[in-house]
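In: Compute the structure for the input listed below.
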Amino acid sequence: MIETPSLHSLSDPLELSDAVLNEEAAATPAYGAPISELLAYFREQRHFIVVSHARPDGDAIGSVLAMGEILNQLGCTTELVLADSAPAIYRSLPGLSRINFTGTVSAAPGTPAILLECDGIERTGLKGLEGRPLINIDHHVSGRNFGAINWIDPQASAVAVMVYRIAVAAGVEITPSMATCIYAALLSDTGAFTYPNTTPESFAIAHDLTLRGANPARIARDLYFASPLSKVRLLGRALDRLEIRGSLAWSWVMLSDLESVEATAEDCEGIVGNLIAIDGIEAAFFLREQADGLIRASIRSKGDFDVSRVAEAFHGGGHRNASGCTLASPMPSAIDAVLAQLSSAGMPTT
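Out: Okay, here's the model as predicted:
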């Protein structure tokens, strides 16, 4: 991985980017192959669709915007599409108005689509991707090869890291707007550089992006210090229901809870982080009732316990320490099902 002392001696942003890319390539022999294949394909095509998963988070939104800018600099036109609107904390990201949030792809048949951190078309929640050439770029351990080109790197802190690598390899300018989007994505997916997926490369890239115009203080303020009152009140409801068994914690909210404090589904984001932050807790999950009656689960862990295996049992997925899934059962049954799966995976639940 990256030797931090050598990076400290670099003053030119481009020199820093090259060091990040070259040292990562040296650590991973096959590193350059997927990017070379991608760049060759980008130069063959003139138009691309860029998408990510439904219920987009910071990594999805920031990476879609950055990928779009990279392709534009390479002379391609792009259609950026997401199935659901951006959470309020990401609405200050530059270029957000370029994303089509209607949930439908309108590009001509045959236009290739780049899917960022998705394990298939279904994960996008979009219509109109069927029958197109697909480029699959993912950093989840649950990623799978479904595209004409597949690049899956579970060691990357965020898919934005992979997008950054593409930008450097392509030789495009990492503009202040691109730097801001990638930094926000990286900050979001590493939990402000506190999650186990944080690596020396994460900090080196953050350093480079700051040199290129990303404002760490402003981005952090937008992401972590702008919670609406409704979100705080909803957190109170969830904490009132907090259950703890040994090193496991969980809670839940119903639609009626959201209605009573005038909250939205977006306000549920991050609640599970308060549960896993409790001293002595090694795993935590938070459930919320959706408008369609399904139950959405966010599962977190510390250390070596792999919650992605729990999410995959319910056809979800994600990272070792942060995953999610959806359950088609009433809340009490959903709680029991997650508890049973956690127990099966080796987490004591009594």
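In: only C-alpha atoms for contact and neighbour calcs from this point on.
Out: Fine.
In: quick one: what helix or strand has residue 160 in it?
Out: Assigned by DSSP states H and E, residue 160 belongs to helix 159-170.
In: next one: residue 182
Out: For residue 182, the enclosing helix or strand under DSSP H and E is helix 176-189.
In: for residue 137, same thing?
Out: When elements are defined using DSSP H and E, residue 137 is found to belong to strand 134-138.
In: right, and the helix or strand after that strand?
Out: Secondary structure here is assigned by DSSP H and E; on that basis, the next helix or strand after strand 134-138 toward the C-terminus is strand 149-152.
In: So which residues make contact with that following strand?
Out: 34, 37, 38, 134, 135, 136, 137, 138, 139, 140, 143, 144 (CA atoms under 8 Å, 6 or more residues apart in numbering).
In: try stretch 131-138
Out: Residues external to stretch 131-138 that are found in contact with it (CA under 8 Å, 6+ apart): 109-119, 145-154, 159, 162.
In: Provide a list of residues in contact with residue 248.
Out: Contacts of residue 248 were listed using CA under 8 Å, 6+ apart, and they are 281, 282, 283, 284, 347, 348, 349.
In: Recalculate using a threshold of 10 Å.
Out: Residues near residue 248 by CA atoms under 10 Å, 6 or more residues apart in numbering: 275-276, 278, 280-285, 301, 339, 342, 347-350.
In: So among those, where is pLDDT lowest?
Out: The lowest pLDDT within the contacts of residue 248 belongs to residue 350, which sits at 77.
In: That residue: how many residues sit nearby?
Out: Residues within reach of residue 350, counting by other CA atoms under 10 Å, total 10.
In: switch to numbering from 154
Out: Sure, I'll start counting at 154 from here, so that last one is residue 503.
In: Now it. Nearest residue, chain neighbours left out?
Out: The spatially closest residue to residue 503, leaving aside those adjacent along the chain, is residue 398, at 5.7 Å (CA to CA, 6 or more residues apart in numbering).
In: Let me see the ranges of the strands in the chain.
Out: Per DSSP state E, the chain has strands spanning 200-204, 230-234, 252-253, 266-269, 287-291, 302-305, 396-398, 401-406, 436-442, 448-454, 470-471, 475-480. These are given in chain order.
In: hmm, back to that, how far out from the middle of the chain is the strand holding residue 290?
Out: Relative to the chain's own centre, strand 287-291 is displaced by 14 Å; criterion: CA atoms, centre = their mean, to the nearest Å.
In: swap in stretch 232-242?
Out: Averaged C-alpha coordinates place stretch 232-242 at 13 Å from its chain's average position (CA atoms, centre = their mean).
In: Kindly report the domain assignment for this protein.
Out: Following automatic domain parsing, one finds the domains of the chain at 157-376, 384-497.
In: With respect to those domains, which exhibits the lowest mean confidence?
Out: Sorting the domains of the chain by mean pLDDT places domain 157-376 lowest, at a mean of 88.
In: Verify the stated contact: residue 283 with residue 274.
Out: Yes - under the criterion of CA atoms under 10 Å, residue 283 makes contact with residue 274 at 7.7 Å.
In: Quick one: residues contacting the residue nearest the centre of the chain.
Out: Centre of the chain computed as the mean C-alpha position; nearest residue by CA atoms, centre = their mean is residue 212, 3.8 Å away. With contacts defined as CA under 10 Å, 6+ apart, residue 212 is in contact with 205, 269-270, 311-314, 334-343.
In: For the closest residue in space to residue 492 that isn't next to it in sequence, the count of nearby residues, please.
Out: Counting by CA to CA, 6+ apart, residue 492 lies nearest to residue 502, which is 6.6 Å off, once chain neighbours are set aside. Around residue 502 sit 16 other residues, with neighbours defined as other CA under 10 Å.
In: Can you name the residues that contact residue 502?
Out: Contact analysis of residue 502 by CA under 10 Å, 6+ apart lists 397, 398, 399, 400, 401, 402, 492, 493, 494, 495, 496.
In: Residue 396 too?
Out: With contacts defined as CA under 10 Å, 6+ apart, residue 396 is in contact with 402, 403, 404, 405, 428, 437.
In: What of residue 463?
Out: Taking CA under 10 Å, 6+ apart, we find residue 463 in contact with 452, 469-470, 473, 476-478, 491-498.
In: Now restrict these to buried residues only.
Out: Restricting the contacts of residue 463 to buried positions leaves 452, 469, 470, 473, 476, 477, 478, 491, 492, 493, 494, 495, with burial counted as 16 or more other CA atoms under 10 Å.
In: just curious, which of these is nearest to residue 445?
Out: Relative to residue 445, the closest of those is residue 478; by CA to CA it sits at 14.7 Å.
In: hey, what's the closest one bridged with?
Out: Taking DSSP bridges as the rule, residue 478 bridges to residue 450.
In: ok, back up a step: which other helices and strands does the helix holding residue 313 contact?
Out: The helices and strands touching helix 312-323, judged by 3 or more CA pairs under 10 Å, 6 or more residues apart in numbering; DSSP states H and E, are helix 166-180, helix 185-197, helix 211-226, strand 266-269, strand 287-291, strand 302-305, helix 329-342, helix 353-364.
In: Between these, which one is closest to residue 240.
Out: Across the helices and strands packed on helix 312-323, the minimum distance to residue 240, taken as CA to CA, is reached by helix 211-226, at 8.5 Å.
In: Can you show me the CA trace of that closest one as PDB?
Out: The C-alpha coordinates for helix 211-226 follow below in PDB (Å, rounded to 0.1, in the frame of the first residue of the first chain):
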ATOM      1  CA  GLY A 211     -23.100   9.800  -0.900                       C
ATOM      2  CA  ASP A 212     -20.800   7.300  -2.700                       C
ATOM      3  CA  ALA A 213     -23.500   6.600  -5.300                       C
ATOM      4  CA  ILE A 214     -24.300  10.300  -6.000                       C
ATOM      5  CA  GLY A 215     -20.700  11.700  -5.800                       C
ATOM      6  CA  SER A 216     -19.400   8.900  -8.000                       C
ATOM      7  CA  VAL A 217     -22.100   9.300 -10.700                       C
ATOM      8  CA  LEU A 218     -21.300  13.000 -10.900                       C
ATOM      9  CA  ALA A 219     -17.600  12.500 -11.100                       C
ATOM     10  CA  MET A 220     -17.800   9.700 -13.600                       C
ATOM     11  CA  GLY A 221     -20.000  11.900 -15.800                       C
ATOM     12  CA  GLU A 222     -17.400  14.600 -15.700                       C
ATOM     13  CA  ILE A 223     -14.600  12.200 -16.600                       C
ATOM     14  CA  LEU A 224     -16.500  11.000 -19.600                       C
ATOM     15  CA  ASN A 225     -17.400  14.500 -20.700                       C
ATOM     16  CA  GLN A 226     -13.700  15.400 -20.600                       C
END
